[in-house]
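**Student:** pasting the sequence and the predicted coordinates here, then a few questions.
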Amino acid sequence: MANNEEIFKKIIAHSKEYGFIFPSSEIYDGLAAVYDYGQYGVELKNNIKSYWWKSMVQYHENIVGIDTAIFMHPTIWKASGHVDAFNDPLIDNKDSKKRYRADVLIEDHVEKIEEKIQKEVKKAAERFGDTFDEQQYRTTNQRVVEYQEKITSIKTRFVDSLEKGDLADIKTLIEECGIVCPVSGSKNWTEVRQFNLMFSTQMGSVSEDSNQIFLRPETAQGIFVNYLNVQKSGRMKLPFGIAQIGKAFRNEIVARQFIFRMREFEQMEMQYFVKPGEELKWFEFWKDARIKWHTSLGIPREKYRFHDHDKLAHYANAAADIEFEFPFGFKELEGIHSRTDFDLSAHQKYSGKKLQFFDPETNESYVPYVVETSIGVDRMFLAVLSNAYNEEKLEDGSIRVVLNIPPVLAPIKAAIFPLVKKDGLPEKAREIMDLLKFDYMCQYDEKDAIGKRYRRQDAIGTPYCITIDHQTLEDNMVTIRERDTMTQERIEISKISEIISSKMKKNF
Ligand code: ATP
């Protein structure tokens, strides 16, 4: 198969050609980092959301869902720290006029050094064979040790400078690392500046400062400010969770990599309120539960890895990302954070309202701690799509493009084909459509030869194709063809629904 960059390009082209994702406002030349979901895209996206919602809300008696507004009181963003600290350090290259996130430039540089270490380790492993002790090699080989020290020193200095707000030193660090602009190849950098990622707008008719409100950059705050409403109205006891799916907006400086980093996107977040002191136990619980959710879809475990944060955000006492191997490498797909009582305490302070839990066991009131799981719907969509896209060489030498989407997420579950457009076959096919369409998204197709129709369904990831032929009129049997194996079987019409449903079994 082609290299990763080419595959990624093909996935983007395929998404457009087959109605999954279109660039927003395309006839006006698009709008950077904003995308629209097409007829199959919206189905896949809805299925991802539903699979998450079921695993969180339907599956757990102590988790409830809510849907809060995008517009919120502006003080919320002061309390959450977003007004003062939701910034990215940005830097421009004067020659290419391209803008970068300083942290991303440094991260990419560190990754290159890490790749060098990997190369050394691989070479040594081949040389020493079975007797190779990687741990020992990493700690004793001088070159590897030097690389590792370099990485640590760059990372520490970057974090220190960022914390101190010493943006001049971040620029010096970029220069000292010899980082060049990937476009112009030059080191002609501007100063580093902080850039707030929140979009703002005015509420009401007068555009005064006091009317300024923000488009939420995360859904979590809608949950925090409703903590008490839900706890009281639902008579919830700790531990309990509140889940939400909704849009979030961030004015990303470097929005690239298709739907990986968008300016308008969707999040699926769950805040789990726990007794202080129990948060690390629940943090481990949710790390485990979330990776199980991912692998329950049949996507290989090797495609995922955990990345524990060594540098924690000011509000967290433990944090890990679930990274996925996208075509452009392992990148964050989901975050699991132990946020302590940071948010509820801040809202308590800024609102002047008590946000506590009365524990009948200890007769005490306290602010609960929170463990959150936060995943981007669009990033999950990209993960599913990039794992699903396959170009298979068939026995006759032709190439089959197929999306091996997990059946439970597939946009269309079954396609119904009359073998020919006459002799009562379309009518029989419509009868079968009517039988299935309340439970499953189905598609009727009578155009072109069967082979072509199969290919069209493979390209959108339909797990089953059902063909009605003359024999069907006599024995009520149809041919069912499975997407991944391409095997065909003759079955009774009454069995179709059972077969489709057996593929949709959940296992999270
Ligand atoms: P990154 O470091 O990639 O910017 P983040 O750490 O800022 O992500 P969080 O604030 O933890 O992300 O948001 C939780 C999840 O929301 C992320 O794991 C990701 O799946 C999704 N997400 C965040 N920003 C974007 C974006 N601009 N476009 C699409 N999805 C996003």
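**Tutor:** Cool, the structure landed. Source: prediction; values computed, not measured.
**Student:** every contact and neighbour count from this point should use C-alpha atoms.
**Tutor:** Fine.
**Student:** outline the domain layout of this protein.
**Tutor:** When the chain is parsed into structural domains using automatic domain parsing, the resulting residue ranges are 1-70+214-395, 87-196, 412-503.
**Student:** okay if I get those as CSV plus mean neighbour count?
**Tutor:** As requested, those are arranged in CSV below (neighbours: other Cα atoms under 10 Å):
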stretch, mean neighbour count
domain 1-70+214-395, 18
domain 87-196, 15
domain 412-503, 17
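**Student:** for residue 202, find the nearest of these.
**Tutor:** Nearest to residue 202 among the domains of the chain is domain 1-70+214-395; the distance by Cα to Cα comes to 8.3 Å.
**Student:** check whether that closest one contacts the ligand.
**Tutor:** Yes: counting by Cα under 6 Å from any ligand atom, the ligand is contacted by domain 1-70+214-395 at 250, 260-263, 265, 267, 332-335, 374-376, 378-379.
**Student:** now, which of these lie within strands?
**Tutor:** Mapping those onto strands (DSSP state E) picks out 265, 267, 332, 333, 334, 335, 374, 375, 376.
**Student:** out of the domains of the chain, which comes closest to residue 77?
**Tutor:** Each of the domains of the chain was checked against residue 77 via Cα to Cα, and the shortest separation belongs to domain 1-70+214-395, namely 8.1 Å.
**Student:** and the closest one, what's its mean pLDDT?
**Tutor:** Per-residue pLDDT over domain 1-70+214-395 has a mean of 95.
**Student:** next one: it to chain centre, how far?
**Tutor:** Computed by Cα atoms, centre = their mean, to the nearest Å, the chain-centroid distance of domain 1-70+214-395 equals 7 Å.
**Student:** stretch 437-446 too?
**Tutor:** So, by Cα atoms, centre = their mean, the centroid of stretch 437-446 is 28 Å from its chain's centroid.
**Student:** what residues does that stretch touch?
**Tutor:** By Cα atoms under 8 Å, 6 or more residues apart in numbering, the residues outside stretch 437-446 that reach it are 411-421, 426, 429-430, 433, 436, 453.
**Student:** returning to what we had before: now, among the ones in strands among the residues of domain 1-70+214-395 next to the ligand, which is nearest to residue 147?
**Tutor:** For these, the nearest to residue 147 is residue 332 (24.2 Å; Cα to Cα).
**Student:** contacting residues around the closest one?
**Tutor:** With Cα under 8 Å, 6+ apart, residue 332 has these contacts: 321, 322, 323, 324.
**Student:** now do residue 462
**Tutor:** Contacts were defined as Cα under 8 Å, 6+ apart; by that measure residue 462 touches 407, 410, 411, 412, 413, 414, 415, 483.
**Student:** give the contact list for residue 125.
**Tutor:** Contacts of residue 125 were listed using Cα under 8 Å, 6+ apart, and they are 132, 134.
**Student:** what secondary structure does it sit in?
**Tutor:** Of the three states, residue 125 takes helix under DSSP: H, G, I helix; E, B strand; the rest coil.
**Student:** could you check how far residue 156 is from residue 106?
**Tutor:** As for residue 156, its distance to residue 106 is 12 Å (criterion: Cα to Cα, to the nearest Å).
**Student:** I meant residue 148, not that one.
**Tutor:** As defined by Cα to Cα, residue 148 lies at a distance of 15 Å from residue 106.
**Student:** in TSV, list the contacts of residue 462 along with secondary structure.
**Tutor:** Listed next are the contacts of residue 462 as TSV, based on three-state DSSP:
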residue	secondary structure
407	helix
410	coil
411	coil
412	coil
413	coil
414	strand
415	strand
483	coil
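**Student:** start and end of stretch 472-491, how far apart?
**Tutor:** Its start and end residues considered, stretch 472-491 measures 10 Å (Cα to Cα).
**Student:** one more: stretch 90-103?
**Tutor:** Across stretch 90-103, the straight-line distance between its terminal residues is 8 Å, by Cα to Cα.
**Student:** correct me, but residue 69 touches residue 221?
**Tutor:** No: taking Cα atoms under 8 Å as the contact criterion, residue 69 and residue 221 are not neighbours in contact, 10.4 Å apart.
**Student:** how about the contacts made by whatever residue of the stretch 101-250 of the chain ends up closest to the ligand?
**Tutor:** In the stretch 101-250 of the chain, the residue that lies nearest the ligand is residue 250 (6.0 Å; Cα to the nearest ligand atom). Contacts here follow Cα under 8 Å, 6+ apart; on that basis residue 250 touches 197, 198, 199, 217, 262, 263, 264.
**Student:** you'd agree residue 242 is in a strand?
**Tutor:** Yes: according to three-state DSSP, residue 242 belongs to a strand.
**Student:** show the backbone phi and psi for the residue of the stretch 1-150 of the chain found nearest the ligand.
**Tutor:** Of all residues in the stretch 1-150 of the chain, residue 33 sits closest to the ligand, at 8.6 Å by Cα to the nearest ligand atom. When read as degrees, to the nearest 10, the backbone of residue 33 gives phi 60, psi 30.
**Student:** could you do residue 391 as well?
**Tutor:** When quoted as degrees, to the nearest 10, the phi and psi of residue 391 stand at phi -110, psi 110.
**Student:** please enumerate the helices of the stretch 251-400 of the chain.
**Tutor:** Listed from the start of the chain, the stretch 251-400 of the chain has helices (DSSP state H, counting those that start in this stretch) covering 279-295, 342-351, 377-388.
**Student:** just want the angle from the last one to helix 279-295.
**Tutor:** So the one you mean is helix 377-388. Angle, helix 377-388 to helix 279-295, by axes from the mean of the first three to the mean of the last three Cα atoms, to 10 degrees: 50 degrees.
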